[in-house]
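> Take this sequence and fold it.
(2 chains)
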Amino acid sequence: MNTSKFIYPASGLLLTSGMCFAQGQERDAVATTERPNVIYLLCDDMGYSDIEAYGQQMISTPNLNRLVNQGMTFTQFYASTAVSAPSRASLMTGQHTGHTKIRGNKEIQPEGQEPLDPNVETLGQLFQKNGYVTGCFGKWGMGYPGSGGEANDMGFDVFYGYNCQRKAHSYYPEYLWDNKTKEYQNGRYSQDAIHEHAMQFIEDNKDKAFFGYFTYTIPHAELRQPQDSIVDMYKGKFQEPKPWYNDGDYGTATDPRTQFAAMITRLDTYVGQIIDKLEELGIADKTLFIFTSDNGPHNEGGADPTFFNTEERLRGLKRALYEGGMRVPYIAYWPGTIEAGSITDLMAAGWDMMPTFVELLGEDTNWRDEAMDGLSILPTLTGKGEQQQHEFLYWEFHEENGRQAVRAGDWKLIRQNIKSGNPTHELYNIAEDPHEDNNLANTYPDKVEELKVIMDREHTPSTIFNFGR
Amino acid sequence: MNKFFKFLFIVPLVVLALPLTAADTTDSYITSDPFETMVRLGRISEKSPIYQMPAGSANGGYISSATTSGNAIIYPLGYVKSSAPNNYFTVVSRETSLLIAGESFEFNATMTVDPSNYVITAYTDWDRNGVYEKEAQEAQVTASSKSFVQPISIPETAALGKTRVRIRIDSSTPSSADASVSGRVYDFVVYVMEASSRTDCFISVTSNNNDLGTALIETTPNEAGRYEIGSQVTVKAVVNEESDAVIEFKGWQEGGEIVSKEPVYTFTVTKSTSLIAIFEAAVPELATPEVSTADDPIWYQIMNAHTSETRKERYIAYDTNIGGDYTTKLRVEKPANQTDKFLWRLEDAGNGQVYIVNRGTDLRISGSKVLETVNFDATETGSRFEIAPSGNTNGSYSIKYEGDNSYLLNAKDGVWSIVLYNAGIGTGSGWYFYEVPIKVPTAIEDEAQSVTPRGRLYDGHLTITGLEGRNQVRVVSLSGQLLGNFLATDTTFEGDLRYAERFIIAVIESETGQITSLKLLDSKF
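Modelled structure (predicted):
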């Protein structure tokens, strides 16, 4: 790998275009066991039961099992919504999808998506402010090239990967972005390239403090990858009744079940290599590593989530505001600080990460002008302090006629078909009925009205995403 | 049935099969939280083999219940399935069994068909290398009870961790575990654990159908949620008396055999045991459709006569909760049950025609006289139909829109809505009428006695309101273990459970023997 592409401000080297710091910002922090490095690995379209610890029985994920045994596993962690861009925007801004600017996948031709609000500081900027070196490796999707909302503009010293979600549908892209410069790939598998850059970022910053936002696009469609020993593990293991052929968006996968399984194991392998690297460098105890996903499982490009989740623990796929569309694996690893093998049913969501990292860094909760919607989950992670509980979680989704959902305690209200002007409401008791089979809206009308109030209050008007109003 | 009771009893089976176990003991892989259990079991083996999925197709019946019993069992399997799996190949991991090496156990299963017409074969992978080996012992089949017992021995050298027991149900002898199947293949995920020197066992009870009845253990367990070998345990089966259906308790089933027909059954603990309380609603019978009145109704399930795999056994249903599987309130749905949405009566509309009236809503099947494109609904006015033998040798009936032979009520495949069609006589436009026995009230309900008890649980403190007279209140966990036994003498009862449990069932028995069950969630959690 050409490591000369990595240019860190702290080293005093010349910055590439678009990489600049606010006056007085220095990347001089050093990670400690109390104020650690952070790696947030957000994979793409991986569902709740796609890994063994969360019930998967057909796909091997030994490294994530190791992570579960050495870290803390959340059983009720929610992505910020059920598709990519708004889920990531909410994570980045600490605002839920009723408040953050990007509430849907809004594509801007020829490449990229609607940019983040430049006035709302991001996780990257939070860490930069605290002297951390920051890097994003994978898919960005929150600001097209030249928009002022690229990763390098929004708090990341280093970016390597896809600017555009649509371009990320190809695992063999013509080019990836190295900061703001196109790097032509010549047939290279993108995830290997992205992973190598991420690993180099860890290596290069082992003596500093760093925040790595690793947004690998596995297991998003298309279902293509190197046909190597990982794929061989699954060759011939599954029946393949539904081959997928190139539709112009996703490439051909004649054995999509095999390819999907191998993609999960490949991601698991990358995770194992990251953990090994942290241990090898002696910085594992000074690094908080978090593994999670941006939304529920997809059925695109030949993917067959019902096959891999025959017992269907949760209802719904990507784009649904049922549990399956949003509840995702979340594993936190920080040896020496997080209790090994611990499991929590704390109800938390993507927008909780901003206040969590604010507390981790010892930053003032009023560090920026805009309010944060989440709660810090640091007390749960460290076992120190009192964990606050959410009064409610709120989500919205702007495709397929529009959806909103609120979870308050064990109750969850889902509003669908909003753009029709005649929305439906479904009420579920998630503790009793996690699969959301029994709509209790008619039985508990008062509860429906109570949650509607939250729903109506939390959706602030947006000129871009406003349910067709 | 009151709505509260109805909804609360529809919970994932995995929860029902879980015993109480403290989370901090060494063998506490099974907890009262199914998602925590999922993680604890999911990580037992860091690396697991990848098993071959055989080719094939579904044929015949399926396993409706399965348990494990014997010396090898630390935690018994409690698998119940009330409808056919979607695929011929099924992996079962939500319900599981914990085993110890060097011992034997029985895999006990009941099927929906006579298993003696099939070849039952078991395969295991005790060295966890991903390759199945055939179990040397043969399954013992009992045709009369549609059950089989498969003895299985675990070698002392068995590798610890997650493995599988593959049960094949073939129409002919398979050449290997991975051979193509015409029938069904089940991979039951099990865990081989280190042997312990415990002298107590798990006892769990499960109802085969929670809408029909509840199973509970009356005997208090030890602090680990277990029972000492040699001790006496009493279990109790409680029929859901609030159900409209006529329900019969058939007995306690262990290993495919009915071990007792008594609702209250006491036995001596010798091993970890999973008992299934078998409740049966009176079976609807094929009938000649007749008109009836609201005061003296005859209720039918109306099943489409098509026989292709996806279209067969679909029943007319009306449900305002459309959900993800259907697009219309009125549809042909499977599987059927005896709830209101599947029940219809025929009301005289004059001229030999009828209205088809839904039991729950009193709405009538309704639509325009347009072929194929108009989805029928249910309204207060309804459409008129003539019901007459279709003429097909299968004995089905045609439902003719206003008596017109060219406009037949039809189950539209794909979307499963109901439309009019001018073909498919005796198949997609053919219908069977099954008369459903519904319990007749024995007396006019006294308004004062129709108050429904309601319950609340907070931090182990139970409050029940709406009681009348003296009532016995038994509180049990979802695996049937007794958490408290109280006498309530007032309209409101309050009591503390022996220890906090997130989910409970409160079984309230009045002096007259009337039983009401409430399922409650501790709202503190």
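> Helices of chain A, residue ranges please.
Applying DSSP state H to chain A gives helices spanning A:62-70, A:84-93, A:123-129, A:190-204, A:229-232, A:256-280, A:305-308, A:323-326, A:353-361, A:378-382, A:445-458.
> Of all the ones you listed, which one is nearest chain B?
helix A:62-70 (4.1 Å; C-beta to the nearest C-beta). For glycine as for every other residue, the C-beta is placed from the backbone atoms N, C-alpha and C.
> Can you give me the neighbour number for the residue lying closest to A:F238 once chain neighbours are set aside?
In this structure, A:F238 finds its nearest non-sequential neighbour in A:R257, 4.2 Å apart by C-beta to C-beta, 6 or more residues apart in numbering or on different chains. A:R257 has 24 neighbours, counted by other C-beta atoms under 10 Å in any protein chain shown.
> what does B:W431 give?
Using other C-beta under 10 Å, B:W431 has 26 neighbouring residues.
> Which parts of the chain belong to which domain?
Picking chain A for this. Domains of chain A are assigned by automatic domain parsing as A:25-389, A:400-458.
> my bad, the chain I had in mind was chain B
Listed by automatic domain parsing, the domain ranges of chain B are B:57-193, B:200-281, B:285-435, B:449-521.
> Just name the shakiest helix or strand of the chain by mean pLDDT.
If you meant another chain, say so; for now it's chain A. helix A:305-308 (a mean of 92; mean pLDDT, DSSP states H and E).
> which other residues reach that helix?
A:47, A:49-50, A:56, A:58-59, A:238, A:257, A:260-261, A:297-299, A:312, A:317, B:86 (C-beta atoms under 8 Å, 6 or more residues apart in numbering or on different chains).
> Please list only the buried members of those.
The neighbour-count test (16 or more other C-beta atoms under 10 Å in any protein chain shown) marks A:47, A:49-50, A:56, A:58-59, A:238, A:257, A:260-261, A:297-298, A:317 as buried among those.
> Quick check: the farthest pair among the residues you listed?
Using C-beta to C-beta, those span at most 19.3 Å, a distance reached by A:F238 and A:L317.
> before we move on, what SS does the residue lying closest to B:Y315 once chain neighbours are set aside have?
Excluding its sequence neighbours, the residue lying closest to B:Y315 (C-beta to C-beta, 6+ apart) is B:A336, at 3.9 Å. Using DSSP: H, G, I helix; E, B strand; the rest coil, the structure places B:A336 in coil.
> how about B:A336, what does it touch?
Neighbour list for B:A336: B:301, B:303, B:313, B:315, B:317, B:342 [criterion: C-beta under 8 Å, 6+ apart].
> My guess is A:Y333 contacts A:T292. True?
No. Look at A:Y333 against A:T292 with C-beta atoms under 8 Å: they stay out of range, at 11.8 Å.
> Can you work out which residues contact both of those two?
By C-beta under 8 Å, 6+ apart, no residue touches both A:Y333 and A:T292.
> Looking at those two, which one has more neighbours?
Set side by side, A:Y333 and A:T292 show more neighbours around A:Y333, with 25 against 21, by other C-beta under 10 Å.
> and the residue nearest to the more buried one when sequence neighbours are not counted, how many neighbours does it have?
Spatial nearest neighbour of A:Y333, chain neighbours left out: A:G71 (3.5 Å); criterion: C-beta to C-beta, 6+ apart. By the criterion of other C-beta under 10 Å, A:G71 has 24 neighbours.
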